[in-house]
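Enquirer: Provide a 3D model corresponding to the input given below.
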Amino acid sequence: MSNNFQKLFFSSELVEPPSELLTRIIKEVRVRQQFRLKVRLACRSLFFVLSAVVFVLGLGLIQKDLTATGFMHFISLLFSDSSIVLAYWQSFILALLESLPVTSLLVVLIAVLTAFESLKFLTKDIKVIFSSKQPIIH
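Expert: Down below sits the predicted model:
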């Protein structure tokens, strides 16, 4: 068996690859890189749009929760009865914190952070795609 392998590897002549093989490989790598960049750009664009939609819906949720919990009534006390608010400021702050719609604020904050993060990656991808026709192969 090992004799067959020796005959195969040592007796045969070395075959030269075609001269255009390297350029075909590089061209195919570049085509696949461009495709991957475009898919990534589409996914990040979709992610940005979804996070923007969640942000807008979250703002409506905050508005609804602020009116439902009476948070705006407590804030209006600052302007109408400020002397009472100053006298009982500790209780007033606790009442404000209790009526704060934390869940909807958290949803909006997460949506804003994901929108900014996806926008950052989106601009990087757009810059790579449109800065040069052929991306650099690493």
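Enquirer: relative to Ile84, how far out is Val107?
Expert: According to Cβ to Cβ, to the nearest Å, Val107 and Ile84 sit 33 Å apart. Every residue, glycine included, has its C-beta placed from N, CA and C.
Enquirer: more neighbours: which of the two?
Expert: More crowded of Val107 and Ile84, by other Cβ atoms under 10 Å: Val107, with 18 against 11.
Enquirer: give me the nearest residue to the more buried one, chain neighbours excluded.
Expert: Gly58 (4.5 Å; Cβ to Cβ, 6 or more residues apart in numbering).
Enquirer: tell me which helix or strand the one you found sits in.
Expert: helix 21-69 (DSSP states H and E).
Enquirer: start to end distance for stretch 90-109?
Expert: Stretch 90-109 has its terminal residues 27 Å apart, counting by Cα to Cα, to the nearest Å.
Enquirer: what are the buried residues along that stretch?
Expert: Phe92, Ala95, Ser99, Pro101, Ser104, Val107, Val108 (16 or more other Cβ atoms under 10 Å).
Enquirer: what's the answer for stretch 120-127, then?
Expert: Those would be Leu122, Asp125, for stretch 120-127 by 16+ other Cβ under 10 Å.
Enquirer: which of the buried residues of stretch 90-109 sit farthest apart?
Expert: Longest distance between any two of those is 26.3 Å, between Phe92 and Val107; criterion Cβ to Cβ.
Enquirer: now do the contacts for the most centrally placed residue in the chain.
Expert: The residue lying closest to the centre of the chain (Cα atoms, centre = their mean) is Ser118, at 2.8 Å. By Cβ atoms under 8 Å, 6 or more residues apart in numbering, the contact list for Ser118 reads Arg44, Phe47, Phe48, Ser51.
Enquirer: can you redo these as TSV with distance to Asp125?
Expert: As requested, those are arranged in TSV below (distance: Cβ to Cβ, whole Å):
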residue	distance to Asp125
Arg44	6
Phe47	12
Phe48	11
Ser51	16
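Enquirer: closest one of the residues you listed to Arg24?
Expert: Among the contacts of Ser118, and counting by Cβ to Cβ, the member closest to Arg24 is Arg44, at 30.5 Å.
Enquirer: so the closest one touches Leu122, yeah?
Expert: Yes: with contact defined as Cβ atoms under 8 Å, Arg44 reaches Leu122; the gap is 4.6 Å.
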